[in-house]
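J.: Pasting a predicted model and its sequence here:
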Amino acid sequence: MSSAPHSLTDTLRGVLLDPAAALALPVHGRIEAAVLVALYRDHMGLNAIFTRRRHDLRSHPGEISFPGGRRDDGDGDLSLTALREAEEEIGLLRGDVELVGALRPVPTVATSFAVYPFVGLIEPGGTWTPCAHEVDEVLELSVSTLRATRTRRRLTHRGIPFRTDAYDVGEELVIWGATARIVSDLLARLSPELDS
């Protein structure tokens, strides 16, 4: 007797953390924040949505990140923060996201955020409306590209040199810091077969 193939939703739920369990994990940082790791599958494979933040922002200027931000009083839980921020930053409607799990929370070193990543599935072919005050552009990157571009880099942040895991995804497009740690957790949970 053969078993029916699992849907992408079932497969992701099987490898991701339960959101309640992720919220219970300890993480350093005095400011709670959440990001949405929005994924979709098309004919090329599994893809993730990122933003490039404006260069004139006070916090994390010019960095590549997932849509997200700090928790507002009216958010309820942090998964709602992730959905609200994605809607505000790139125009991804909350009702168009199927939350399927979470990843390990990560701290930001310089800004003291405790970032909780939630993973959601969306349909391919989205039209984005970047928030002009926060987002320079929306990036759609294949998971297989992310997997292939992992490296160790020497970077300088606020005049301090350091070595870190990074993803060189294009000319002057480097994912590092908390976002790179979130990507690493995602890739560790996904088998290469799921990328395609």
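T.: Structure received. Worth saying up front: this structure is predicted, and the values here are computed from it rather than measured.
J.: gap between stretch 11-30 and the chain center?
T.: Centroid separation for stretch 11-30 versus its chain: 13 Å, with CA atoms, centre = their mean, to the nearest Å.
J.: for that stretch, which positions count as buried?
T.: 11, 12, 13, 16, 17, 19, 22, 23, 29 (16 or more other CB atoms under 10 Å). Every residue, glycine included, has its C-beta placed from N, CA and C.
J.: where does the protein have low pLDDT?
T.: Low-confidence segments of the chain, defined by pLDDT under 70: 1-6, 57-61, 157-158, 196.
J.: show me where it has strands.
T.: All strands of the chain, identified by DSSP state E, fall at 31-42, 45-53, 64-65, 68-70, 98-102, 106-107, 113-121, 135-142, 150-157, 160-170, 173-175.
J.: need those in CSV with distance to residue 89, can you?
T.: As requested, the strands of the chain are exported to CSV (distance: least, CB to CB, whole Å):
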stretch, distance to residue 89
strand 31-42, 9
strand 45-53, 6
strand 64-65, 9
strand 68-70, 8
strand 98-102, 17
strand 106-107, 19
strand 113-121, 14
strand 135-142, 5
strand 150-157, 23
strand 160-170, 19
strand 173-175, 17
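J.: Packed most tightly, which of those strands would that be?
T.: Stretch with highest mean neighbour count among the strands of the chain: strand 113-121 (a mean of 26; mean count of other CB atoms under 10 Å).
J.: who are the neighbours in contact with residue 12?
T.: Contact partners of residue 12, counting by CB atoms under 8 Å, 6 or more residues apart in numbering, are 39, 100, 101, 119, 121.
J.: gap between it and residue 187?
T.: Distance of residue 12 to residue 187, given as CB to CB, to the nearest Å: 13 Å.
J.: which of the residues in stretch 141-148 are buried?
T.: Within stretch 141-148, the residues that count as buried by 16+ other CB under 10 Å are 141, 142, 143, 144, 145, 146.
J.: re earlier: out of the buried residues of stretch 11-30, which are inside helices?
T.: Residues of these located in helices (DSSP state H): 11, 12, 13, 19, 22, 23.
J.: Surely the fifth one touches residue 104?
T.: Spelled out, it's residue 22. Yes - taking CB atoms under 8 Å as the definition, residue 22 is a contact partner of residue 104 at 6.8 Å.
J.: shared neighbours, those two?
T.: residue 117.
J.: out of the buried residues of stretch 141-148, which one sits closest to residue 50?
T.: For those, the closest approach to residue 50 (CB to CB) belongs to residue 141, at 6.1 Å.
J.: I'd like the distance between the closest one and residue 186.
T.: From residue 141 to residue 186 the distance is 12 Å (CB to CB).
J.: any shared contact partners between those two?
T.: residue 48.
J.: Mind putting the buried residues of stretch 141-148 into CSV with distance to residue 80?
T.: Shown next, in CSV, are these (distance: CB to CB, whole Å):
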residue, distance to residue 80
141, 25
142, 28
143, 26
144, 31
145, 30
146, 27
